[in-house]
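> I would like the atomic coordinates for the input below:
(chains A, B, C and D, ligands or ions: 4)
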2 protein chains.
Amino acid sequence: MDYKAILSQKGHRLSEPRKQVIELLQQSKVALTPQQIHQALQQKNCKLGLVSVYRTLELLTELGLVTVVYDPQLNPGYMLSTLGHHHHIVCQGCHKAFEFAGSNDIDQLIKRVEKETSFQVSDHLLQLFGLCPDCQQKATGGGF
Amino acid sequence: MDYKAILSQKGHRLSEPRKQVIELLQQSKVALTPQQIHQALQQKNCKLGLVSVYRTLELLTELGLVTVVYDPQLNPGYMLSTLGHHHHIVCQGCHKAFEFAGSNDIDQLIKRVEKETSFQVSDHLLQLFGLCPDCQQKATGGGF
DNA sequence: AATCTAATTGAAAACATTTTTCAATAAGGA
DNA sequence: TCCTTATTGAAAAATGTTTTCAATTAGATT
Ligand SMILES: [Mn+2]
Ligand SMILES: [Mn+2]
Ligand SMILES: [Zn+2]
Ligand SMILES: [Zn+2]
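Ligands and ions are numbered 1, 2, ... in the order given. Okay, the predicted model is just below:
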């Protein structure tokens, strides 16, 4: 079941702007800001307003199909997500981001913090940062 | 060693705006946006420009003394941080946020993801969300 | 295929946030 | 007290987001 199918299944129309935003995000390896999405589509001769980009991202976020990815060096951007429990790992060199499956690894941490704080934890935000294989090479092999 | 001391120790001047922003953040239990900081200080009859709030937050962030706290329902805000490895837990009811000590709990997760992705992980962003003790009461006891 | 209707769009304006600029100020050392 | 220069504030510019509303169009109905 692909993103467009999910959209229409939930009773939302398959408009041209929505199709274009989704297709662009499907191809992108980096999180994109609304402006970046708008510009990229303009260059592909897709006429659509920046407003529609915002509205599409809002809708897709509601449906859980896109995720905000934070990157200290960049404005927050959006990426398509597969459904289910997962997080993102972001390259500090080229800013490519990838999903990884969430696990129960932080369950113990959550239990600990619940005890310490008396909070009832129901959600979490987790991202990893580092260097992707390509950027590791550039970093070490850079001298010669 | 308090925040003001650290500031001046690093060769930064202890200006009135900086003192005021730090003191306000020290008292606050919620992450504050630049605007909120500015308004709060105006009401305390501290004359300072919004620009100085931005500049102070930028400096304190560089020094690692403040941390950005994300809250899906709010604009990102700033909180003072103690030095060292820690993260924040945010109440989805009253938006109060608290630090908790970072641990090696996610080391295994990081190892796993490094193997899966061939990334070299060097940093991470982790926040927990839930209900603080007070808001748990309001939620359960709310009926009568 | 033509018609209908409400969801969706785009353009513009309004609103909000952040950064830049630069002359005036003031912190802290001499 | 004087000096130097980091820092400030006001204004403008730049950037980012939301609202409004008439025009369009996706998809259902005939
Ligand atoms: Mn997880
Ligand atoms: Mn940690
Ligand atoms: Zn990379
Ligand atoms: Zn609470």
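> nearest spatial neighbour of the residue most central in space within chain A, skipping sequence neighbours?
Per C-alpha atoms, centre = their mean, the C-alpha nearest to the average position across chain A is that of residue A:79, at 2.6 Å. Spatial nearest neighbour of residue A:79, chain neighbours left out: residue A:31 (4.8 Å); criterion: C-beta to C-beta, 6 or more residues apart in numbering or on different chains. Any C-beta I mention is one placed from the backbone N, CA and C, and that applies to glycine too.
> can you pull the contacts of that neighbour?
Counting by C-beta atoms under 8 Å, 6 or more residues apart in numbering or on different chains, residue A:31 makes contact with A:68, A:69, A:71, A:74, A:76, A:77, A:78, A:79, A:88, A:90, A:95, A:97.
> going on from the host helix or strand of the last one, what's the next piece of helix or strand?
When secondary structure is defined by DSSP states H and E, residue A:97 falls within strand A:97-101. Downstream of strand A:97-101, the first helix or strand assigned by DSSP H and E is helix A:107-117.
> helices or strands next to that following helix in the packing?
If contacts are counted by 3 or more C-beta pairs under 8 Å, 6 or more residues apart in numbering or on different chains; DSSP states H and E, helix A:107-117 sits against strand A:120-131, strand B:97-101, strand B:120-131.
> Would you give the sheet partners of the second one, along with the direction of each?
In its sheet, strand B:97-101 lies beside strand B:86-91 (antiparallel), with partners assigned from DSSP bridges.
> ok, the residue lying closest to residue A:80 once chain neighbours are set aside to DNA strand D distance?
Ranked by C-beta to C-beta, 6+ apart and with sequence neighbours excluded, the top spatial neighbour of residue A:80 is residue A:25, at 4.5 Å. Computed as C-beta to the nearest atom of the strand, to the nearest Å, the residue A:25 to DNA strand D distance reads 16 Å.
> Give the full set of residues in contact with residue A:25.
By C-beta under 8 Å, 6+ apart, the neighbours of residue A:25 are A:32, A:37, A:66, A:78, A:79, A:80.
> Which strands or helices does the host helix or strand of residue A:7 pack on?
Per DSSP H and E, residue A:7 falls inside helix A:3-9. Judged by 3+ C-beta pairs under 8 Å, 6+ apart, the packing partners of helix A:3-9 are helix A:16-27.
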